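Student: using only what follows, build the 3D model:
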Amino acid sequence: MALPLHATLSAGQVYSFNFTDVDGHTLSTSDGHVTIVVLTTPADSDKVRAVGDRVPDYCLGNPSYRMITICHFTKKHTGIGRKIATILVRHRLNEEAKRLQARYDAKKIASNARSDIFAVADFDGTVSSRLGGQPEAADFRIFVFARNGELLQQWNEVPSAEDLAAVVK
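Tutor: Just a heads-up that it's a prediction; the model follows:
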């Protein structure tokens, strides 16, 4: 069972974080969606998949909910390295979208799963540090924000499906 994390951000406080994902979408924690934010490094992709697999079915294809993965690259990248890493992130998103599309199809959700997957490449630690991570650290955290940006819960390990569902309800 994953325990709640008590870190820099405090449950009950309102946070309005803005992100631009690898597809150019502008996203916010306070724009009317219940938002699951997963802060990770490329090494923890299995944990991110586990979080996604535990998102309740009623969130799938539902425009009121979304999950954003913040991929913190702890090693420095040159300009060309960043472009290559961004291409690899998009490729990974496309692969995950295929898995998610099978779940959509099984639930008869008439939506393109790829349009519901968001990832932010954090090359300099700026986004991670706003979420309470250390710029050079390999933090793994999950945050759930209410529609107005209120932090509902945070974990430093993958929560159970039941714990996640209880928070995003």
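
Student: strands of the chain, residue ranges please.
Tutor: 18-20, 26-28, 34-40, 65-72, 117-122, 141-145, 151-155 (DSSP state E).

Student: go through the ones you listed and name the closest to Lys169.
Tutor: Proximity to Lys169, assessed across the strands of the chain by CB to CB, is greatest for strand 34-40 (8.7 Å). Quick note: C-beta positions are derived from backbone N, CA and C, even for glycine.

Student: so which bits of the closest one are buried?
Tutor: 34-40 (16 or more other CB atoms under 10 Å).

Student: Throw the residues you listed into CSV and include pLDDT and distance to Asp105, thanks.
Tutor: Below are the buried residues of strand 34-40 laid out as CSV (pLDDT from 0 to 100; distance: CB to CB, whole Å):
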residue, pLDDT, distance to Asp105
Val34, 97, 24
Thr35, 97, 25
Ile36, 97, 22
Val37, 96, 27
Val38, 96, 24
Leu39, 94, 30
Thr40, 91, 27
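
Student: let me know the closest of those to Ala85.
Tutor: So of the buried residues of strand 34-40, ranked by how close each gets to Ala85 (CB to CB), first place is Thr40, at 13.8 Å.

Student: tabulate the strands of the chain in TSV, adding columns for distance to Ala161.
Tutor: Shown next, in TSV, are these (distance: least, CB to CB, whole Å):
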stretch	distance to Ala161
strand 18-20	25
strand 26-28	24
strand 34-40	13
strand 65-72	14
strand 117-122	19
strand 141-145	13
strand 151-155	13
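
Student: closest to Glu162 out of the ones you listed?
Tutor: Taking those one by one with CB to CB, strand 151-155 is closest: 12.7 Å.

Student: looking at the protein, which helix or strand does the model trust least?
Tutor: Lowest by mean pLDDT, DSSP states H and E among the helices and strands of the chain is helix 126-130, with a mean of 86.
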